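[1] Sequence first, then the predicted structure:
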Amino acid sequence: MKHFSPSNTYDIIIFSVSATLAFASIIIILCQQESTQNDSEIIINNGNVYTVNQAFEINTHCQSGSSGPVWIISPHRYRIGNTLHYKTATSGNLHIIAILNNSKAVKSIYICAPNPDTLPVVLPRAVITGPAQAFAGTPYVYYTRNDTSFTCQWRLLGDSTSFQTGNSCRITFRYPGEQHLTLTLNNDPRTTTIKTIQVLAPADRKPSPTLVIPEPVPVIPVAATPAPPIISDQAFHQLLLQLLEGKKPAEELMKYLCNQQETVVIINDKETTSFLQCCAQLQHKKNIRLISLSLARSKQGCIEALRIRYDKKKFIGLF
């Protein structure tokens, strides 16, 4: 084995090269350790799963004075800074990369679709059809027009033996008083409908009136009467106003009516009377204000019925 000789030029060159390589190795190792200490660390607040359009925040630990890493958000979005605020309208996996100097960190986040709104539950409703007044001891039928996909359960409150099923039920009330009939669909108490029935005693039933057939009335031929004259609605309206003011007699208007003084008059959609009684009721009253007048005519053009709407005049300071 050859020993190192300081006087040998070759040995001196080999020693110098070896020392230089060893020093360079030490420098490289120290730089790698320093670079490892400067790696970014990604911290995501509130977890790694977020919802569409939900904002989230990512922080990194960097050297003081650094402007922060470069963020690469898949596929082609970029940000710079120590903190990244981000949200997206697309669901799926989202890859985020932070690059600072020679260090790089990658984080995968899952963006899930929002939960669909819960639709309100629409409960079926049934309507009980049948008499609201009944007599004790008499059978009655109650029914509902309902979809056949639902089952019906009928109960008479207070009577445990009255349970029936089907779209109709036959009930015989045993006692007078107020009774409550219930209808439930598919055995769901939330769909229960209640009908209140007033049950009367059998003695309260009135006997049916005896049908009396009157004797036929002999037909007496009547001479044909001339057709009444025809007047326009506007002209009749003016005559009626003059009648109410006492400027025209009732006979002036009767000649245009099919049944003369017995022509039907409907007042304010509440009262029905004859034309003669209507004139006596409204004529010469100064506080009457005519709102509208409608005329019903026959095929010949005469007036068969009148519909009058009026109200009372209001005087300032009195009413």
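    The structure has been received and is ready for your questions.
[2] helix or strand right after the one helix or strand in the chain whose mean pLDDT sits lowest?
    Scoring the helices and strands of the chain by mean pLDDT, DSSP states H and E places strand 42-44 at the bottom, with a mean of 50. Using DSSP states H and E, the helix or strand that follows strand 42-44 in sequence is strand 49-51.
[3] helices and strands around that next one, which ones?
    The elements that strand 49-51 packs onto, with contact taken as 3 or more Cβ pairs under 8 Å, 6 or more residues apart in numbering; DSSP states H and E, are strand 103-112. Every C-beta, even on glycine, is put in place using the N, C-alpha and C of the backbone.
[4] which residues in the stretch 101-250 of the chain form helices?
    Counting by DSSP state H, counting those that start in this stretch, the segments of the stretch 101-250 of the chain that form helices are 233-244.
[5] Tell me where the model's unsure across it.
    Along the stretch 101-250 of the chain, the model assigns pLDDT under 70 to residues 116-121, 147-148, 204-213, 222-225.
[6] quick one: the strands in it?
    Using DSSP state E, counting those that start in this stretch, the strands of the stretch 101-250 of the chain run over 103-112, 133-135, 139-143, 152-156, 159-165, 168-172, 177-185, 193-200.
[7] any idea which element residue 279 lies in?
    Residue 279 is located in helix 275-282, with elements delineated by DSSP H and E.
[8] That helix vs helix 233-244, what angle?
    Orientation of helix 275-282 against helix 233-244 (axes from the mean of the first three to the mean of the last three Cα atoms, to 10 degrees) gives an angle of 50 degrees.
[9] next one: helix 275-282 to chain centre, how far?
    Once both centres are worked out by Cα atoms, centre = their mean, to the nearest Å, helix 275-282 turns out to sit 50 Å from its chain's centre.
[10] The helix or strand just after that helix - contacts with which helices or strands?
    From helix 275-282 onward toward the C-terminus, using DSSP H and E, the following helix or strand is strand 288-297. Counting by 3+ Cβ pairs under 8 Å, 6+ apart, the packing neighbours recorded for strand 288-297 are helix 233-244, strand 303-312.
[11] between these, which one is nearest to residue 217?
    Closest approach to residue 217 among the helices and strands packed on strand 288-297 (Cβ to Cβ): strand 303-312, 23.3 Å.
[12] counting contacts, what elements does that closest one pack onto?
    For strand 303-312, the contact count by 3+ Cβ pairs under 8 Å, 6+ apart identifies strand 264-267, helix 275-282, strand 288-297 as packing neighbours.
[13] coming back round to it: quick one: closest of the strands of the stretch 101-250 of the chain to residue 244.
    Each of the strands of the stretch 101-250 of the chain has some distance to residue 244 by Cβ to Cβ; the shortest is strand 133-135, at 44.7 Å.
[14] Show me the domain layout of the protein.
    By the record's domain assignment, the chain is partitioned as 42-112, 133-203, 233-312 (automatic domain parsing).
[15] what about the longest one, start to end distance?
    Spelled out, it's domain 233-312. End-to-end distance of domain 233-312 (Cα to Cα, to the nearest Å): 23 Å.
[16] How about residue 162, nearest residue that isn't a chain neighbour?
    Take residue 162 and drop its neighbours on the chain: the residue closest to it by Cβ to Cβ, 6 or more residues apart in numbering is residue 156, 3.7 Å away.
[17] How about the contacts made by that neighbour?
    For residue 156, the residues meeting the contact criterion (Cβ atoms under 8 Å, 6 or more residues apart in numbering) are 162, 171, 179, 180, 181, 182.
[18] okay, those residues in JSON lines with neighbour count and distance to residue 51 next?
    Listed next are the contacts of residue 156 as JSON lines, based on neighbours: other Cβ atoms under 10 Å; distance: Cβ to Cβ, whole Å:
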{"residue": "162", "neighbour count": "18", "distance to residue 51": "54"}
{"residue": "171", "neighbour count": "21", "distance to residue 51": "56"}
{"residue": "179", "neighbour count": "21", "distance to residue 51": "55"}
{"residue": "180", "neighbour count": "12", "distance to residue 51": "50"}
{"residue": "181", "neighbour count": "22", "distance to residue 51": "50"}
{"residue": "182", "neighbour count": "16", "distance to residue 51": "45"}
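[19] Which of the residues you listed sits closest to residue 137?
    Proximity of those to residue 137, judged by Cβ to Cβ, is greatest for residue 171, which lies at 11.6 Å.
[20] was I right about that closest one contacting residue 136?
    No. Here residue 171 does not reach residue 136: they are 11.1 Å apart, not a contact under Cβ atoms under 8 Å.
[21] just checking, residue 170 touches residue 141?
    Yes. Counting by Cβ under 8 Å, residue 170 sits close enough to residue 141 to count as a contact (5.4 Å).
[22] circling back: nearest approach to residue 132 belongs to which of the helices and strands packed on strand 288-297?
    It is, among these and with distance given as Cβ to Cβ, strand 303-312, at 32.7 Å.
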